[in-house]
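Participant: let's see this in three dimensions:
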Amino acid sequence: MDENNRRTKELSAFIEKALEIELEEPDRELSGDELKKLAIQCGLSESDWQRLGDRLEGHLEKGRNFLQFANYVDAVEELEQAIILAPYRADVLFDCGTAHLKLFGETGKTANRPRATEMFCRCLELEPDHRGAAAGISELKKQQGKAAAQKKRIVAVGVAALLFAGGSLAWWNTMPAESASSAAPQSTASQQANLQVYRSGNLAAVSRIREKGNPFPKNLPDDFVEIASGFTDRGHVVALRKNGEVICWGENEFGQASPPPLPEAVQVAAGYRHSLALTIDGGVVAWGDNSNGQCNVPAELHDVIQVSAGCRHSLALLSDGTVVAWGANEKGQATVPDNLPPVAQLAKVNADHSVVVLQNRKLAAWGMNTQGQCRVDIPNSNIGTASVVQVLAGGENYAFLDDGRVLHWGRPLRSHPFPAEKTGVAGVFSGFPGAVLVKTTDGKVEWYGALRGRNGLSSEIRNWNEIVPGPDHIFGINITE
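Facilitator: A predicted model of the protein is given here:
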C-alpha cells in the first residue's frame, strides 16, 4: 500500500471513530487531546496530526472570514474542505450550512438548499439542541415556502474515500501557490454612477458589496477623529470624538456597541464582538463579548499608550515599551514572548495572532502561524533603512513604510491578491480579515481581496482622511481642526 493510500485509510478510520463517538454520546465534546489520541490509535503519526490540524484551521479561518463578509462562494469552497477533515464537529457543519444558506438566498441556486439542509441536519444529529441549526432549517423552509429538511446520518468512510478518490484533497502535501494577476481591479463606470454615499456629521460611508442602506444613526456630531469597525457579518462601529467621547452603533448582541461610562478617551479599537478604549489617564476600558476573557482588563494596568483588539484577544502597549495581552490564547496570540525587545507600535489586529513594531524598526509576531502569519524574517530583511509607519495584521499582514513601500506576508488574498511589490503608497487601511484598501501618492484608491463590488475608486473615497472597511460598508472620516 502506498503512502497516500495508507494515510487515506487511517484518516477515514479516525473520522469514522470520532463521528461514532459524537453520535452515540451527543452530550460529550471530544477535546483536542482526545482527538489526537484517537487519531494516533488509528495509525496517524504526530506529524500527520499536526498537518491535519493546520490544514483544518486554515480552511476554517478562510471560510469563516469569507462568510462574515458576504463572500459566500469562497466560503462554501473553504468550509466544504473543512467538512472533509472534521465531519464530527457541529460548529464546522453549522458554518458550512450557513454558507450554503446564504448563497442560496443570494443566488437562488437550488443545489445550495439541500446541501444547507443536510449540513444543519447533521449538526442536529451531533447536537440536538443546536439552536442555530434549527433556525437555519426554519429559514430554509421560509425561503422556499415548504419543508424539505430530512436528517441524514453520515457515512464518514464513504464521504472521505469518495473525495480522496476524486483528488479533491491531499492534506499531507504542500498546496501549490495560486497564480494570480497583481493588477489592482478597477471599478466600472456603472459602479461609479450608482455609488450611494451616506453622510452624518463628518463621517461618510458607501455600501461594500450591495446596497445596504444608511449605516448611520441620526444626528451624529461633526468632530470624530477615529473610527474602528468590528468583524462580524453585521458588525459594530466604535467612533471617537475630539472631546474624548466614545459613540458606538451597529450589532450589539454582546453589548459591544454599548460603552460603559468612560473618562475621556484618546484611542479606540474594535474586535470580533468586543470594544476597547484607551483613556487619557493611561487606563483601558473594555466592553462586549467576554467569552474568552478579552474584556478582563488586567488589574493595575496603567501607563498604556496604545491598544489593539484582535478577534478574541486584546493588547496594550505601555510607555516603557512592554506589551500586555489577555483573552483567547489557544493559538498563543495572548502569550507575549519572553525577552521581547522594546515595542514602538502595535499592529491593528484582525486575526488570531499579534504583530508589533519594535523600537529597533524590526517586526515581531506570535500566535496562529498556520500560513506564515508570524514569519517576520522576510519583511524584516526588506525594511532596509526605512521606518514602519503602520502594520495591519490579518490572514495576510501589511507593513506600510515611510518610503512608500508596502511589505506583506502570510496567507495571500484569495481574490484580487495584493501585488508582490507595491510602491507609491500614501496609506493602507483595513477593517477586517481578507481585505485591504490602499491610497496611492497620486490620489488613487485601490482595493484588494474581499472588497469586491461597489467600493469604488471615486473622488469621494479619495478625499477621505481615514478609511475603515466594515462588513457592510466602507467608512470614511474627514478630520476637522
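
Participant: please name the bridge partners of the residue lying closest to residue 277 once chain neighbours are set aside.
Facilitator: Nearest residue to residue 277, sequence neighbours excluded (C-beta to C-beta, 6 or more residues apart in numbering): residue 265, at 4.3 Å. Using the backbone N, CA and C atoms, a C-beta is placed for each residue, glycine as well. For residue 265, the beta-bridge partners are residue 279 (DSSP bridges).

Participant: one more: the one 4 residues further on?
Facilitator: Partner residues in beta bridges with residue 269, using DSSP bridges, are residue 276.

Participant: ok, it - how many residues close by?
Facilitator: Residue crowding around residue 269 was assessed by other C-beta atoms under 10 Å; the count is 25.

Participant: contacting residues for it?
Facilitator: 228, 238, 275, 276, 277, 307, 308, 309, 314, 348 (C-beta atoms under 8 Å, 6 or more residues apart in numbering).

Participant: just give the closest residue to the last one, not the sequence neighbours.
Facilitator: Sequence neighbours aside, residue 392 is the residue nearest to residue 348 in space, at 5.2 Å (criterion: C-beta to C-beta, 6+ apart).

Participant: can I see the domain layout of this protein?
Facilitator: Under the assignment named as automatic domain parsing, the residue ranges that make up the domains of the chain are 3-165, 223-328.

Participant: mean neighbour count, those domains: which tops it?
Facilitator: Mean neighbour count (mean count of other C-beta atoms under 10 Å) peaks for domain 223-328 among the domains of the chain, with a mean of 20.

Participant: how long is that one end to end?
Facilitator: Here the two ends of domain 223-328 are set 34 Å apart, with distance taken as C-alpha to C-alpha, to the nearest Å.

Participant: check stretch 227-246 too.
Facilitator: Distance across stretch 227-246, first residue to last, is 10 Å (C-alpha to C-alpha).

Participant: and it, average pLDDT?
Facilitator: Across stretch 227-246, the average pLDDT comes to 86.

Participant: again with stretch 310-318
Facilitator: In this model, stretch 310-318 has an average pLDDT of 95.

Participant: could you do stretch 125-143 as well?
Facilitator: Across stretch 125-143, pLDDT averages out at 82.

Participant: please apply the same query to stretch 364-379.
Facilitator: 90.

Participant: give me the contact list for that stretch.
Facilitator: Among residues not part of stretch 364-379, those counted as contacts by C-beta under 8 Å, 6+ apart are 54, 57-58, 61, 331-337, 340-341, 343, 351-356, 358, 362-363, 393, 395-397, 399, 407-411.

Participant: could you work out the end-to-end span of it for me?
Facilitator: End-to-end distance for stretch 364-379, by C-alpha to C-alpha: 10 Å.

Participant: quick one, what contacts residue 35?
Facilitator: Listed by C-beta under 8 Å, 6+ apart, the contact set of residue 35 reads residue 18.

Participant: which is the next helix or strand following the one helix or strand it maps to?
Facilitator: Element membership of residue 35 [criterion: DSSP states H and E] is helix 32-41. Of the helices and strands lying after helix 32-41 in sequence (DSSP H and E), the nearest is helix 46-68.

Participant: can you tell me the SS state at residue 219?
Facilitator: Applying DSSP: H, G, I helix; E, B strand; the rest coil to residue 219 yields a three-state assignment of coil.

Participant: for it, phi and psi?
Facilitator: phi 60, psi 50 (degrees, to the nearest 10).

Participant: list the contacts of it.
Facilitator: Contact criterion C-beta under 8 Å, 6+ apart gives residue 200 as the residues in contact with residue 219.

Participant: helices of this structure, residue ranges please.
Facilitator: For the chain, the helices identified by DSSP state H occupy 3-24, 32-41, 46-68, 72-85, 90-107, 112-126, 131-144, 156-165, 189-194, 377-382, 459-462, in order along the chain.

Participant: export these to a markdown table and append columns for distance to residue 259.
Facilitator: Rendered in a markdown table, the data for these read as follows (distance: least, C-beta to C-beta, whole Å):
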| stretch | distance to residue 259 |
| --- | --- |
| helix 3-24 | 40 |
| helix 32-41 | 35 |
| helix 46-68 | 23 |
| helix 72-85 | 31 |
| helix 90-107 | 29 |
| helix 112-126 | 35 |
| helix 131-144 | 28 |
| helix 156-165 | 47 |
| helix 189-194 | 35 |
| helix 377-382 | 35 |
| helix 459-462 | 28 |
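
Participant: right, and these - which one's nearest residue 283?
Facilitator: In this view, those are compared for proximity to residue 283 by C-beta to C-beta, and helix 46-68 is the closest at 30.6 Å.

Participant: for the domains of the chain, give me TSV that also has distance to residue 464.
Facilitator: Output for the domains of the chain, formatted as TSV (distance: least, C-beta to C-beta, whole Å):
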stretch	distance to residue 464
domain 3-165	20
domain 223-328	11
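
Participant: weakest of those domains in terms of mean pLDDT?
Facilitator: Within the domains of the chain, the least confident segment by mean pLDDT turns out to be domain 3-165, at a mean of 74.

Participant: excluding covalently adjacent residues, which one is nearest to residue 250?
Facilitator: The spatial neighbour of residue 250 that comes closest, neighbours along the chain excluded (C-beta to C-beta, 6+ apart), is residue 236 at 3.6 Å.

Participant: closest to residue 475 out of the domains of the chain?
Facilitator: Ranking the domains of the chain by proximity to residue 475 (C-beta to C-beta) places domain 223-328 first, at 5.6 Å.

Participant: just to revisit the earlier point, which of the contacts of residue 269 sits closest to residue 100?
Facilitator: Nearest to residue 100, judged by C-beta to C-beta, of the contacts of residue 269 is residue 309 at 30.4 Å.

Participant: for the closest one, name its beta-bridge partners.
Facilitator: Beta-bridge pairing of residue 309 under DSSP bridges involves residue 314.

Participant: that one contacts residue 270, doesn't it?
Facilitator: Yes. Under the contact definition of C-beta atoms under 8 Å, residue 309 touches residue 270, with a separation of 5.8 Å.

Participant: common neighbours of those two, please.
Facilitator: For the pair residue 309 and residue 270, residues contacting each of them under the criterion C-beta under 8 Å, 6+ apart are 228, 276.

Participant: tally of neighbours for residue 349?
Facilitator: Around residue 349 sit 27 other residues, with neighbours defined as other C-beta under 10 Å.

Participant: tell me who's in contact with it.
Facilitator: By C-beta under 8 Å, 6+ apart, the residues touching residue 349 are 308, 309, 310, 311, 313, 315, 355, 393.

Participant: leaving out sequence neighbours, find the closest residue to it.
Facilitator: Residue 349's closest residue in space is residue 310 (C-beta to C-beta, 6+ apart), at 4.1 Å.

Participant: Provide the backbone phi and psi angles at the one you found.
Facilitator: The main-chain torsion angles of residue 310 are listed as degrees, to the nearest 10 and equal phi -80, psi -170.

Participant: tell me how far it lies from residue 297.
Facilitator: Applying C-beta to C-beta, to the nearest Å, the value for residue 310 to residue 297 is 15 Å.

Participant: swap in residue 289?
Facilitator: When distance is defined by C-beta to C-beta, residue 289 is 14 Å away from residue 297.

Participant: among the domains of the chain, which comes closest to residue 469?
Facilitator: With distances scored as C-beta to C-beta, the stretch of the domains of the chain nearest to residue 469 is domain 223-328 (7.2 Å).
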